[in-house]
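Enquirer: what shape does this take:
(chains A and B)
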Amino acid sequence: MPGDRAHLRSETFRRERERTWRELESLVGQVERSGIGSLSSRQLGRLPSLYRATLSSLSVARTISLDRNVLEYLESLAARAFICVYGAKRHPLTAIADFFRRQFPREVRALRWLLALAATVLLLGTLTGFVLTASDPERFYSFVDPALAGGRDPSASTELLREVLYDDSESGGGLAAFSSFLFAHNARIGMLCFAIGFAAGLPVFFLLFETGLMLGAFGALYHGRGLGLDLWGWLLPHGVTEILALLLCAAAGLSIAQALVFPGEHSRLRRLEIQGRRAGAVVAGAVGLFFIAGLFEGFFRQLVTDRGVRYAAAVTMAGVWIYYFGFVSRPRRALRPGLGPSSKVSAAGTGGPTGGEARPELTGRGESLFESEATS
Amino acid sequence: MSEQRPDLAGSSLLPATFGDRPMRSIVPPEGVPLQFEIAPVGDRVLAFIIDAFFIGLAVVAIALLGTLAAGDPWLQAFAIFGVFFVIHFYFIGFEIRRQGSTPGKRALGLRVIDRHGGSLRAEAVFARNLMRQVELIGPLLVTFAPESLWPSSPGWLRVLALLWLLVLALLPWFNRDRLRLGDLLGGTLVVRTPRSVLLAPLEAKRKGGAVREPRYRFSAEQLDLYGVFELQVLESVLRKQRRQPRALRVVSEKIQRKIGWESSGGPIDPLEFLEDFYTAQRARLESDLLLGKRREFKKKGRLTRSSRRTSSRGIGEAKERRE
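Expert: Okay, here's the model as predicted:
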């Protein structure tokens, strides 16, 4: 046969689809250079369908083509497009709003037993610190770092101790600086609390207990001088939020430890990443709580010196958190007939809510509000 | 997760083209496995240093602002805030906003992806970056300021803690996917952003642009000798060493010996010979592929002259092509 030539189906295949690939390549290149936001809405709509077309080209090419260049090209193009299509890309503000509206309270509810455990440890520490310091004031020094005490120790006069609680000398910007310092400091401790959960959780207990000892020691000191009510009025308006945030971080850390020690039906590694993401989300939310607590601590505590108002604020905050974590974005009970109206909310804001909601199934690609659709 | 390393897409289907570079197969929801090159630890450390440099720069700038405005407490508040956010949210913010890359990662062509082919979620980014506390700040604290972590702790406890933290920090060197602690927790993987170059098809590369008729024909037996590997080596020779007549001649003579080629008319043009052989061989192997046969490597030995028969059958079920 004259003019007989090798007929390469794979070349025909390539000619027919090359335009799609090139279009995807230019879109992906643009996203890589200047972000997904630089695409027009039409281009954005094209991206997923081009991506799928290229994926199917890739899987065909793998079976019919031996052109290494085409294969490598498709492999890399599909991989790049995958990153564009499945990379995190929601607008941070929408993501944050969604997160606080739905996901955060849910994740916290899922952690409620660990939260209760963390609260118990903290409470135990507080009681221990209180009892020990009350029986022997000298122990105060072993529980509280002198730098932190700042002169508020058993040697101080009652007058001085009272003054610290009702000090309103600072104002305005000074308070802002103070509260942002407090926020940064506390949030850092909270994140650390989460991160050390990886060491099987023991350091978390240690840290919680230590914090409790310190609280208890202060309590005993002030109580001994007849200032107990004043101290809690000073502490609780911000303390409710701050301690809750600390407990959330601790519970998140403990959930990591739990995943490591008791992985359940999954492998340790798999379990760790499922739990890690959820715990990470909780810590992110806790940073928000620390922020609110910092504002309260920096401004409210210094500006409002009336004991009644302070207690009212503390109760309000506790109520807000109980409502938020107990009831916001809660699945309807009608859909869950097996669960009775047994949900109790523990009285103290620190105790954390204990809803009656079943623990959601832990699946790898479980529903998440951060999930972004390929087409969005 | 290691058991889910889908080698189904590995050796048998995919070209063995990736050499020694550690690859990882990711199965996206569409179900077509994708190959990613795992980012080397050295690159990641370098990317981190670049990012740390930027963070340091921003922190110094904000701190300068704070000291310049020593009188204004609001600005100071802003400075404290700013420093905190830059330190803790630099990575998180960039990785969420820029498809899993930070400036440092971009400079080295690295990306964070979801290890299971899903989308990279914000909480995964949070989890992986929060763990930096343990991996980096932890060991530094234990080494340089242990009393801030455990006041009045005995010496042996510190040594233990240091060892534990070192093991955690050095984790990427001890696993195949180069996962650090944060990657374990976030279910993420750091890969190299692939580059893609689509070259012109080889068959189009004829003089004057027109498609040249094949000058050399090969028999089925001749085309049965080589496998996919050799075909792709030949492809890279044709692409990269087109302008090197000596290399072309050496390769074509080698092939001629192997397939027992008998020159029938005049001297052989190595380039045209190789092009024709490439096209015929590829058509042969691809049509075998369609029938489910894949020959990876060449057969041993060579064809003797007696067994050689020229026939157009060598092109498989070749159909005539009219351009």
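
Enquirer: drop to CA atoms for contacts and neighbour counts, all remaining ones
Expert: Fine.

Enquirer: remind me which helix or strand the residue in chain A positioned nearest to chain B belongs to.
Expert: Nearest residue of chain A to chain B, counting by C-alpha to the nearest C-alpha: A:Ala177, 3.6 Å away. Here A:Ala177 sits within helix A:173-195, counting by DSSP states H and E.

Enquirer: show me what counts as buried in that helix.
Expert: For helix A:173-195, burial by neighbour count (16 or more other C-alpha atoms under 10 Å in any protein chain shown) applies to A:173-184, A:186-188, A:190-195.

Enquirer: so the residue of chain A closest to chain B touches B:Gly82, yeah?
Expert: No. Here A:Ala177 lies out of contact with B:Gly82, judged by C-alpha atoms under 8 Å, at a distance of 11.4 Å.

Enquirer: quick one, what contacts the residue of chain A closest to chain B?
Expert: Going by C-alpha atoms under 8 Å, 6 or more residues apart in numbering or on different chains, A:Ala177 touches B:73-78, B:80.

Enquirer: now it: closest residue in space that isn't a chain neighbour?
Expert: B:Ala77 (3.6 Å; C-alpha to C-alpha, 6 or more residues apart in numbering or on different chains).

Enquirer: okay, now the unreliable bits of the stretch 101-250 of chain B?
Expert: Low-confidence segments of the stretch 101-250 of chain B, defined by pLDDT under 70: B:138-139, B:141-155, B:157, B:203-214.

Enquirer: now do the strands in it.
Expert: B:110-114, B:188-192 (DSSP state E, counting those that start in this stretch).

Enquirer: for chain B, which helix is longest?
Expert: Identified as the longest helix of chain B according to DSSP state H is helix B:41-68.

Enquirer: which of the residues in that helix are buried?
Expert: B:41, B:43-44, B:47-48, B:50-52, B:54-55, B:58-59, B:62-63, B:66.

Enquirer: just those residues now: which is nearest B:Ala169?
Expert: Nearest to B:Ala169 among the buried residues of helix B:41-68: B:Val41, at 12.0 Å, using C-alpha to C-alpha.

Enquirer: distance of the closest one from B:Arg115?
Expert: According to C-alpha to C-alpha, to the nearest Å, B:Val41 and B:Arg115 sit 17 Å apart.

Enquirer: before we move on, what about B:Leu140?
Expert: Taken as C-alpha to C-alpha, the span from B:Leu140 to B:Arg115 is 29 Å.

Enquirer: the helix or strand encompassing A:Leu260: which residues count as buried?
Expert: According to DSSP H and E, A:Leu260 maps onto helix A:228-261. Within helix A:228-261, the residues scored as buried using 16+ other C-alpha under 10 Å are A:228, A:230-260.

Enquirer: neighbours of the residue nearest to A:Ala177, how many?
Expert: 20 (other C-alpha atoms under 10 Å in any protein chain shown).

Enquirer: wait, it sits on A:Phe178?
Expert: Yes. Proximity of B:Ala77 to A:Phe178 meets the contact threshold set by C-alpha under 8 Å, at 7.1 Å.

Enquirer: contacts only, for A:Leu77.
Expert: Applying C-alpha under 8 Å, 6+ apart, the residues near A:Leu77 are A:21, A:25, B:194-196.

Enquirer: switch these over to TSV; also include distance to A:Val31 and neighbour count.
Expert: Formatted as TSV, those follow (distance: C-alpha to C-alpha, whole Å; neighbours: other C-alpha atoms under 10 Å in any protein chain shown):
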residue	distance to A:Val31	neighbour count
A:Trp21	15	22
A:Glu25	10	25
B:Pro194	14	20
B:Arg195	14	14
B:Ser196	15	18
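
Enquirer: got a markdown table for those, with distance to A:Trp113 too?
Expert: Below are the contacts of A:Leu77 laid out as a markdown table (distance: C-alpha to C-alpha, whole Å):
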| residue | distance to A:Trp113 |
| --- | --- |
| A:Trp21 | 51 |
| A:Glu25 | 49 |
| B:Pro194 | 45 |
| B:Arg195 | 48 |
| B:Ser196 | 50 |
